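Asks: Any chance you could fold what I've pasted below:
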Amino acid sequence: MTISIALLTFLLCIATAASFDDSASLRASKRDKESDETTKEGRPKKTTKKNVFGNVLQLCSTEGMALTGFTRDGRCVEQQDDVGSHHICIDLASIASTGKNFCAVTEQPDWCDDKMVCSDDSDEKCPVKDWCVCQWAFAAYIEKAGGCDAIQEINCEATNMEALIAYKKEAKKKKGADQNIVNAFECLKQRCKL
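Replies: Below you'll find the model as predicted:
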C-alpha cells in the first residue's frame, strides 16, 4: 500500500492539532517563555514574520478564541519541526458553500467545533474560530470543497507569506507541478486580492 507524502503530512497536521489541548502543560511552557518581549499571555509582542501583503503578520487567534499556531502563540508561524507548515489562517466559524466546516470537508475528526485553551490565557476553554491550518491540508481542502469559491473565509492579514512563497515555487514548475498546490496559490491570490 502506497501512502503519499501529502497524506502523511495531512495526518501529521491532524495529530499536531489534537496534541496541543493539554492546557496545564501549555500554560507552563508559556510561562517559561515569558520575558520583557512577550505579553502576559506569553505571546511575542512583535514579530518579524510577514503576511501575504508583505506587512507584519497579524494574530490569527484573538481574545475569545482558542489559541492557534504551531507554536501556540496566536500566529501562523513555524519552527523547523513543523512539517505541515501551519501558515494559512482560516475562519473555522464560517461554513463552506457545502454547508460543512473544514474538518467535515477534509474528513477529519471534528476538532473544528471543540473548545480549547483560550488565547487570553484564562482558565476558560474557547471555541476554535480563526485557526492556522497546514499549507498542504489547505490545498486538499480547496479541492475537496469544490474550489476556491466554496471554502471558508481566509484571514489574509494573519496568513504567513511563507505559504504564498511555497505555493508560488510549486506553481512555477514547468513539469510535474501539483495541481492542488497551484490551485491553492491561485486561491490565495484571488481571496487576498494579490
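Asks: Strands of the protein, residue ranges please.
Replies: Ranges of strands in the chain, per DSSP state E, are 86-91, 115-117, 125-127, 130-134.
Asks: what's the burial count for residue 162?
Replies: The number of residues packed near residue 162 is 18, by other CB atoms under 10 Å. Any C-beta I mention is one placed from the backbone N, CA and C, and that applies to glycine too.
Asks: where are the low-confidence patches of this protein?
Replies: Flagging of the chain using pLDDT under 70 yields the residue ranges 1-46, 79-84, 121.
Asks: go again using 50 as the cut-off
Replies: For the chain, applying pLDDT under 50 flags the ranges 1-37, 40.
Asks: residue nearest the centroid of it?
Replies: residue 132 (1.6 Å; CA atoms, centre = their mean).
Asks: Pretty sure that one sits against residue 66.
Replies: No. In this structure, residue 132 is not within contact of residue 66 by CB atoms under 8 Å, at 11.0 Å.
Asks: Quick check: neighbours shared by these two?
Replies: When contacts are counted by CB atoms under 8 Å, 6 or more residues apart in numbering, the set common to residue 132 and residue 66 is empty.
Asks: show me where the protein has helices.
Replies: All helices of the chain, identified by DSSP state H, fall at 5-19, 23-33, 102-105, 135-145, 161-171, 179-191.
Asks: quick revisit: okay if I get the strands of the chain as TSV plus distance to residue 177?
Replies: Below are those laid out as TSV (distance: least, CB to CB, whole Å):
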stretch	distance to residue 177
strand 86-91	19
strand 115-117	36
strand 125-127	37
strand 130-134	19
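Asks: do you know which of the ones you listed lies nearest residue 51?
Replies: Residue 51 lies closest, by CB to CB, to one member of these: strand 86-91, at 8.9 Å.
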